[in-house]
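Enquirer: Below are the sequence and a predicted model; questions follow.
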Amino acid sequence: MSMTITPSVASANQLYLAEELSSFDPSVPFHVDIEDGNYVYNITFGMRTIRSIASTCKNPLQFHLNVTNPADYYDELAKLGAAAVAIPFEGCAAPMRDLDRIRDLGMSPGMAVTMKTPICALEAFMPEVDWIVLMTYGSSKGGMNGLGFREHSLERIRRLRAMMREGQHICIDGGTAERELVLAHEAGADMAVLGRLLFPEMSADGKHEGRILLPSEREKTPAQLLEYYNSLFK
């Protein structure tokens, strides 16, 4: 089974976003979290920035909607050429309708689930989805950085893979280090969102929180780091 690694656009240095994204080959898919500060605490991108990303990058774009009203985004994301859209399982009032709408618009429909949702709750939706985003850290609704990978995620991956038909994908997202990346693939994940592994932070000190390294401060570019992690699965 192959592994597709998608860089997290939200983890890039936002002051140098165009430079960060242009360092990758156009064939590399990008994972774009849209977080509204309402459904989750964090805020990532407004549609103005999303339009700029879509018009500047030729890369396939997959979106994870961490928003209160996900249906408000489908039409515009389709117009921008989005490849895939994952809706929040815990925050979607009519998931079947939304999944059908996403597919009708020509995008690949998916669902994102937090650690609190049992895998068995997804069974009824499996005929309608192409991919599942499994959040693999402990935040209740996502949108929080710095929380580590939860080992129980590996068993959740195994259970989900057993429910899936050929061609469906499991995408892990959250707190993934190299060890967990390999273990998750062995358990059945074939997609992974990587943030800090590709866009490292400076270590925090007593006065300052860690910040994302500037492009000029890195020993390796995000594209070089991606090449290394891809090599683990060849």
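Expert: Cool, got the structure.

Enquirer: Next one: residue 166 relative to residue 130, how far apart?
Expert: Noted for residue 166: a distance of 12 Å to residue 130, by CB to CB, to the nearest Å. The way it works is simple: take the backbone N, C-alpha and C, and place the C-beta from them, glycine included.

Enquirer: more neighbours, these two?
Expert: Higher neighbour count among residue 166 and residue 130: residue 130, with 17 against 4, using other CB atoms under 10 Å.

Enquirer: In this structure the more buried one contacts residue 102, no?
Expert: No: assessed by CB atoms under 8 Å, residue 130 is found out of contact with residue 102, at 9.4 Å.

Enquirer: Now for the two: what residues contact both?
Expert: Overlap of the contact sets of residue 130 and residue 102 (by CB atoms under 8 Å, 6 or more residues apart in numbering) consists of 108, 109.

Enquirer: what's the helix or strand where residue 97 lies in contact with?
Expert: Using DSSP states H and E, residue 97 sits in helix 95-104. The contact list for helix 95-104 (CB under 8 Å, 6+ apart) reads 70-71, 74, 85, 87, 89, 92, 108-109, 111, 125, 128-129.

Enquirer: what's the next helix or strand after that helix packed up against?
Expert: Beyond helix 95-104 in the direction of the C-terminus, DSSP H and E gives the next helix or strand as strand 108-113. Judged by 3 or more CB pairs under 8 Å, 6 or more residues apart in numbering; DSSP states H and E, strand 108-113 is in contact with strand 61-66, strand 84-88, helix 95-104, strand 131-135, strand 169-173.

Enquirer: and with 7 Å instead?
Expert: Contact here means 3 or more CB pairs under 7 Å, 6 or more residues apart in numbering; DSSP states H and E; on that basis strand 108-113 packs against strand 84-88, helix 95-104, strand 131-135.

Enquirer: how many neighbours does residue 165 have?
Expert: A count of neighbours around residue 165, defined by other CB under 10 Å, yields 7.

Enquirer: ignore the last one, residue 172
Expert: Using other CB under 10 Å: residue 172 sits among 29 other residues.

Enquirer: same thing with residue 112?
Expert: For residue 112, using other CB under 10 Å, the count is 24.

Enquirer: same thing with residue 93?
Expert: 9.

Enquirer: picking that back up, by pLDDT, give me the weakest of the contacts of helix 95-104.
Expert: Note: of those, the lowest pLDDT belongs to residue 92, at 88.

Enquirer: Mind pulling up the pLDDT for the closest residue to it other than its chain neighbours?
Expert: Leaving aside its chain neighbours, residue 92 sits nearest to residue 98 (5.7 Å; criterion: CB to CB, 6 or more residues apart in numbering). Per-residue pLDDT puts residue 98 at 97.

Enquirer: SS state for residue 2?
Expert: Following DSSP: H, G, I helix; E, B strand; the rest coil, residue 2 is assigned to coil.

Enquirer: list the contacts for it?
Expert: The contact partners of residue 2, taken as CB atoms under 7 Å, 6 or more residues apart in numbering, are 190, 233.

Enquirer: can you rerun that using 6 Å?
Expert: Residues near residue 2 by CB atoms under 6 Å, 6 or more residues apart in numbering: none.

Enquirer: Could you do the one 3 residues further on as well?
Expert: Shown here is residue 5, whose contacts under the criterion CB under 6 Å, 6+ apart are 192, 194, 229, 230.
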